[in-house]
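Structure, please.
(one chain, ligands or ions: 1)
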Amino acid sequence: MGLKTKKEYIESLRQLKPTAYMFGEKITSIVDNPRLRAGIEATAATYEVAEMKEFQDLAITTSPLINEPVNRFTLPPSSIDDLVARVKLNRKLGNWVGTCFQRCTGLDCLSTLSICTYDVDKKFGTHYYDNFIKFLKYMQKNDLTANACVTDVKGDRSLAPHEQPDKDMFLHVVERRDDGIVVRGAKAHQTGSLSSHEIIALPTRAMRKEDKDYAVAFAVPSDTPGLIHVVGRSSLDTREMDGCDLGNFRYSKYCPTLIFNDVFVPWDRVFLCGETEFAADMVVKFSSLHRQSHGGCKAGKIDCMIGTALVMMDYNGTNQAGHLKQKVIDMIHRAETLYGCCLASSYEGKKEASGTYFIDTVLANASKIHEGKEMAEAIRLMVDVCGGFVSDLPSDRDFENSEIGPLLKKYLKGSDKFSVDNRIKMYRLAEKLAMESADTISDIHGGGSPEAHRVTIFRESNVESKKKSAKRLAGVEG
Ligand SMILES: Cc1cc2nc3c(=O)[nH]c(=O)nc-3n(C[C@H](O)[C@H](O)[C@H](O)COP(=O)(O)OP(=O)(O)OC[C@H]3O[C@@H](n4cnc5c(N)ncnc54)[C@H](O)[C@@H]3O)c2cc1C
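Here you go, the predicted structure:
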């Protein structure tokens, strides 16, 4: 009990026995699979940095609930300082791993539930908040990682959950028992579900009265019977299996589809069941928090790309080229604007009825729109600075081949001041940063597609006050 070391975290995953498939085969040892291990290592970094002096102030805090030191990824924010610390820690960690560390989503769920379960109970006299607090204590005392299980597969997007020809297109309750509920459905793109001890399911959209069975939130262990993880393919996924050409040689990301094949959830793990009017509130709170989380870690990832671009300029002998320096400046201002917007959304946060603090939604969503476009621009700028070998560098195995290796190394040499081996490694890192689909596509769709950010911005902005100020200036009455 208490804070886990990185080693203890990995050992704790080893104790779990989830049902998992990848490339058509059942995986028995998750932590020993090189593809999954690279993702687990990224989450393990959230434990590792908690042991490091330079991160500790941000990574470890005290829980007012259990009055013990906890990892920040298990603490729903209870002050503006906590909201700010989230962003700062995410940036540092994003920079540390150069990809997604996969633990922010669990915190975003905990924060959402700590606000919404309280509000549901107040309205309906239910006991979801008590259930949640019991669960939160368990998460904090054992320093656990949770996955955010939000995105349903959704079938025909023009139809509500209850209108779908196949009723399982959204996760729903198929049986209510004395001891709990049974749920069926599937959730897509589940970042790090096998790096997680717990799976927290939330509704993915607003629900109508007829969608009662679909308005459900709960938590189950990631190896609970009936839960099946099917790891998705991503652009560079065989690199870890091959054990070469990794680019980022420590960390990666993977996203399974999760099938709930009649999964039992005991009542004390249920946080919403049938209260349709709160489904929208849960998804808006979660997605806004998650969009803010992205701003921190993606600013940290741009920092990695800036570093890569600058080192490549040294290796290529282009570090005096003014136009490349301008491109690096353009990358820096994109990272800082993203970061600034997320910090602002923290500073403008407010206390909710439960006592948990919540961010400014408009600023959080503005940061996500910025991310969706500007991460792509930052990648484009990095690739421009580095050169074409980002796309088609020969394999490490070619460089190691005694016949062609020396020739390749001769022709891959850049500036004489630097080793060719390091230049090769840096090109490979640039490829990973630019081309890993499990990571880069989350810049666009992670936390909801861009239109969802726009809709939220318009709905949450005070447009009436903007009209009023324009009318006042123009001398228009009424
Ligand atoms: C790398 C990655 C990691 C992710 N990690 C997680 C995770 O850990 N947990 C999780 O729960 N989710 C995760 N997501 C899922 C993410 O939130 C969804 O991808 C996102 O919400 C979009 O949903 P979708 O993929 O089903 O696309 P769709 O909903 O099919 O959207 C495709 C397009 O259609 C539009 N569209 C959809 N429905 C309608 C409609 N009714 N009317 C008009 N336009 C519509 C959208 O605006 C969008 O432009 C992840 C996604 C990615 C790519």
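
going forward, measure contacts between C-alpha atoms and count neighbours the same way
Fine.

buried set for stretch 331-346?
Burial within stretch 331-346, assessed by neighbour count using 16 or more other Cα atoms under 10 Å, is assigned to 331-332, 334-346.

Now for the closest residue to the ligand within the stretch 351-478 of the chain, how many residues are close by?
Distances between the stretch 351-478 of the chain and the ligand by Cα to the nearest ligand atom are smallest at residue 448, namely 3.3 Å. Using other Cα atoms under 10 Å, the number of residues around residue 448 comes to 20.

same question, residue 25
Look at residue 25: counted by other Cα under 10 Å, it has 9 neighbours.

quick one on the thing from earlier: tell me how far the residue of the stretch 351-478 of the chain closest to the ligand lies from residue 379.
Distance check for residue 448 against residue 379: by Cα to Cα, to the nearest Å, it reads 21 Å.

Mind checking if stretch 111-120 is in reach of the ligand?
No: contact check for stretch 111-120 against the ligand, using Cα under 6 Å from any ligand atom: none in range, with a minimum separation of 13.5 Å.

For that stretch, what is the distance to the chain centroid?
Shown here is stretch 111-120, whose average C-alpha point lies 20 Å from the average C-alpha point of the whole chain (Cα atoms, centre = their mean, to the nearest Å).

May I see the buried residues of it?
By neighbour count, with 16+ other Cα under 10 Å as the criterion, the buried positions of stretch 111-120 are 111-120.

Kindly indicate which of the residues you listed lies nearest the ligand.
Ranking those by separation from the ligand, with Cα to the nearest ligand atom as the measure, puts residue 112 on top at 13.5 Å.

wait, what's in contact with the closest one?
282, 285-286, 289 (Cα atoms under 8 Å, 6 or more residues apart in numbering).

Then it would be within a helix, right?
Yes: residue state for residue 112 (DSSP: H, G, I helix; E, B strand; the rest coil) corresponds to a helix.

Show the contacting residues for residue 103.
Going by Cα under 8 Å, 6+ apart, the list of residues near residue 103 reads 43, 46, 73, 145-147.

same check, this time on residue 177
Going by Cα under 8 Å, 6+ apart, residue 177 touches no other residue.

rerun that using 10 Å as the cut-off
For residue 177, the contact set (Cα atoms under 10 Å, 6 or more residues apart in numbering) comprises 264-267.

Format those as CSV; extra columns: secondary structure, distance to residue 204 and neighbour count.
Converted to CSV, the contacts of residue 177 look like this (DSSP: H, G, I helix; E, B strand; the rest coil; distance: Cα to Cα, whole Å; neighbours: other Cα atoms under 10 Å):
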residue, secondary structure, distance to residue 204, neighbour count
264, strand, 20, 22
265, strand, 19, 21
266, strand, 21, 15
267, helix, 21, 18
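
Got the confidence number for residue 2?
Model confidence at residue 2, given as pLDDT, is 85.

ok, of the buried residues of stretch 111-120, which one's closest to residue 414?
residue 111 (49.3 Å; Cα to Cα).

And for the nearest residue in space to that closest one that is not next to it in sequence, the neighbour number?
When the adjacent residues along the chain are set aside, residue 111 lies closest to residue 76, with 4.4 Å between them (Cα to Cα, 6 or more residues apart in numbering). Here the neighbour count serves as a burial measure; for residue 76 (other Cα under 10 Å) it reads 25.

what secondary structure does residue 76 sit in?
Assigned with three-state DSSP, residue 76 falls in the coil class.

wait, what's in contact with it?
The contact partners of residue 76, taken as Cα under 10 Å, 6+ apart, are 63, 82-83, 86, 107-115, 136, 355-358.

Grab the nearest non-local neighbour of the residue of the stretch 201-350 of the chain found nearest the ligand.
Here the residue of the stretch 201-350 of the chain nearest the ligand is residue 255; by Cα to the nearest ligand atom that distance is 6.3 Å. Of all residues not flanking residue 255 in the chain, residue 191 sits nearest, at 4.3 Å (Cα to Cα, 6+ apart).

So the one you found is in contact with residue 257, correct?
Yes: Residue 191 is within contact range of residue 257, at 9.0 Å (criterion: Cα atoms under 10 Å).

Comparing those two, which shows the higher neighbour count?
Set residue 191 next to residue 257 and count neighbours by other Cα under 10 Å: residue 191 wins out with 28 against 23.

how long is stretch 51-63 from one end to the other?
Start to finish, the residues bounding stretch 51-63 are 18 Å apart (Cα to Cα).

would you list every one of the helices in the stretch 51-200 of the chain?
In chain order, the stretch 51-200 of the chain shows helices spanning 53-59, 80-97, 104-124, 128-142, with DSSP state H, counting those that start in this stretch as the criterion.

can you redo the ones you listed as a markdown table with mean pLDDT?
Formatted as a markdown table, the entries for the helices of the stretch 51-200 of the chain read as follows, by pLDDT from 0 to 100:
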| stretch | mean pLDDT |
| --- | --- |
| helix 53-59 | 94 |
| helix 80-97 | 97 |
| helix 104-124 | 98 |
| helix 128-142 | 98 |
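
can you put the ones you listed in CSV and add distance to residue 323?
Compiled in CSV, the helices of the stretch 51-200 of the chain are given as follows (distance: least, Cα to Cα, whole Å):
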stretch, distance to residue 323
helix 53-59, 35
helix 80-97, 25
helix 104-124, 36
helix 128-142, 49
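
Just tell me which of those ends up closest to residue 39.
With distances scored as Cα to Cα, the stretch of those nearest to residue 39 is helix 80-97 (10.1 Å).

The closest one packs against which elements?
helix 34-48, helix 53-59, helix 104-124, helix 279-316, helix 322-347, strand 350-351, strand 357-358 (3 or more Cα pairs under 10 Å, 6 or more residues apart in numbering; DSSP states H and E).

And these: which comes nearest residue 432?
When these are compared (using Cα to Cα), the closest one is helix 279-316, at 10.3 Å.

Just want the angle from the closest one to helix 104-124.
Compare the direction of helix 279-316 with that of helix 104-124 by axes from the mean of the first three to the mean of the last three Cα atoms, to 10 degrees and you get 170 degrees.

so how far is helix 279-316 off the chain centroid?
When distances are taken as Cα atoms, centre = their mean, helix 279-316 is centred 10 Å away from the chain's centroid.

Next, see if that helix gets close to the ligand.
No: Helix 279-316 stays out of contact with the ligand when judged by Cα under 6 Å from any ligand atom, the minimum separation being 8.2 Å.

Would you mark the buried spots in stretch 47-57?
The neighbour-count criterion (16+ other Cα under 10 Å) identifies 47-51, 55 as the buried residues of stretch 47-57.

Close to the ligand: what parts of the stretch 151-300 of the chain are there?
151, 157-158, 189-191.

Minimum distance to the ligand, which residue of the stretch 1-150 of the chain gives it?
Each residue of the stretch 1-150 of the chain has a distance to the ligand, by Cα to the nearest ligand atom, and the smallest belongs to residue 150, at 3.3 Å.

Which members of the residues of the stretch 151-300 of the chain next to the ligand are classed as buried?
Neighbour-count burial (16+ other Cα under 10 Å) is assigned, among those, to 151, 189-191.

hmm, which two among these are most spread apart?
By the measure Cα to Cα, these have their two most distant members at 151 and 191, which lie 10.8 Å apart.

Please enumerate the shared neighbours of those two.
Counting by Cα under 10 Å, 6+ apart, the residues touching both residue 151 and residue 191 are 257, 446.
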